[in-house]
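A.B. asks: everything below, folded, please.
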Amino acid sequence: MSAVLRAEGLWKSFAEGPVLQGVDLTLDAHEVVALIGASGSGKSTLLRCLGLLEPLDDGRIFLGDEDISDPRVDANRVRARLGIVFQGYNLFPHLSVLANVTLALRVVRRMPRRDADAHGRALLDLVGLADRAGEHPDRLSGGQQQRVAIARALATGPELLLLDEITSALDPELVGEVLELVHRLAADGTTILMATHEMAFARDVAHRVVFLDEGRVVEEGTPADVFGAPRAARTRAFLSRFTS
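C.D. replies: Numbers count the residues shown, from 1 in each chain. Presented below is the predicted three-dimensional model:
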């Protein structure tokens, strides 16, 4: 498999101190990688840096063969190659569900409205919301809004989906519907890097699990290895919270 994303020696600090400390990470095509770790371990910052939403202090990021961490790179052009979904849905409240999904197609890709709408409706059908295309986001549940956000992220045919704790803002009964969608996307071969606290999802769906602690990759491997026989004491201590 060819590498879709490669990060080398990523460092990022804020006023309170370092958040990423020499992170290396590779994602192959059609691979699903789960980022796990305690709150404050650097997962969200890592995803924001990979999506060029935060500048790096040091290190390099390659998307395919392109060094996207080069300061001369057009960040907006790079972001068009990525699908990014956060725990807050960030839907435009004044636009319909369909208009939210097709916005980038119409404004950035200059796709004719008829074609954009047809593609948008197909994506809404994929996420199980074809019948809500004309609704506004405030008429949807949190789980439905998050599924719309995922459909919007898929609209431009991204090379990689970056998912940042997308179930954290949901009521427990709504988590399953969003994870089921991500599971289907993974089964269809979508390349996904997902920061998550859902250990069962990481164990059952991911091809690889990366444990981040204090901004460092402490351990990575298959779910069977990381969950079944973690090597690092910090990994064992973290996972014991979910098994005790």
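
A.B. asks: going forward, measure contacts between C-alpha atoms and count neighbours the same way
C.D. replies: Fine.

A.B. asks: mind giving me the domain ranges of the protein?
C.D. replies: Following automatic domain parsing, the chain resolves into domains at 1-81+159-168+191-244, 89-158.

A.B. asks: can you give me the helices for this structure?
C.D. replies: With DSSP state H, the ranges of helices along the chain come out as 43-50, 75-79, 97-107, 113-126, 142-154, 172-187, 199-205, 223-228, 233-243.

A.B. asks: so which of those helices is the most surrounded?
C.D. replies: helix 142-154 (a mean of 24; mean count of other C-alpha atoms under 10 Å).

A.B. asks: run the chain-centre distance for that helix.
C.D. replies: Averaging C-alpha coordinates over helix 142-154 and over its chain gives two centres that are 12 Å apart (C-alpha atoms, centre = their mean, to the nearest Å).

A.B. asks: could you do stretch 108-120 as well?
C.D. replies: In terms of C-alpha atoms, centre = their mean, the centre of stretch 108-120 is found 24 Å from the chain centre.

A.B. asks: please apply the same query to stretch 12-23.
C.D. replies: Distance of stretch 12-23 from the chain centroid (C-alpha atoms, centre = their mean) equals 20 Å.

A.B. asks: which of the residues in it are buried?
C.D. replies: Lys12, Ser13, Val19, Leu20, Gln21, Gly22, Val23 (16 or more other C-alpha atoms under 10 Å).

A.B. asks: in CSV: those residues, plus pLDDT and distance to Ile166.
C.D. replies: Listed next are those as CSV, based on pLDDT from 0 to 100; distance: C-alpha to C-alpha, whole Å:
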residue, pLDDT, distance to Ile166
Lys12, 97, 23
Ser13, 96, 24
Val19, 96, 21
Leu20, 97, 21
Gln21, 97, 24
Gly22, 97, 25
Val23, 98, 22
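
A.B. asks: select, from the residues you listed, the two members most distant in space.
C.D. replies: Using C-alpha to C-alpha, these span at most 12.6 Å, a distance reached by Ser13 and Val23.

A.B. asks: if we can go back for a sec, in JSON lines, list the domains of the chain along with distance to Leu181.
C.D. replies: Compiled in JSON lines, the domains of the chain are given as follows (distance: least, C-alpha to C-alpha, whole Å):
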{"stretch": "domain 1-81+159-168+191-244", "distance to Leu181": "11"}
{"stretch": "domain 89-158", "distance to Leu181": "7"}
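
A.B. asks: and Glu177, which of the ones you listed is closest to it?
C.D. replies: Proximity to Glu177 (C-alpha to C-alpha) singles out domain 89-158 among these, at 6.8 Å.

A.B. asks: gap between the two ends of the closest one?
C.D. replies: Domain 89-158 stretches 18 Å from its first residue to its last (C-alpha to C-alpha, to the nearest Å).

A.B. asks: as a whole number, average confidence for it?
C.D. replies: In this model, domain 89-158 has an average pLDDT of 94.

A.B. asks: same check, this time on stretch 180-200
C.D. replies: If you average the per-residue pLDDT over stretch 180-200, you get 92.

A.B. asks: equivalent analysis for stretch 43-55, please.
C.D. replies: Averaged over stretch 43-55, pLDDT sits at 95.

A.B. asks: and the pLDDT at the most centrally placed residue in the chain?
C.D. replies: The C-alpha lying nearest the average C-alpha coordinate of the chain belongs to Leu163 (C-alpha atoms, centre = their mean; 1.7 Å). Looking at Leu163, its pLDDT reads 95.
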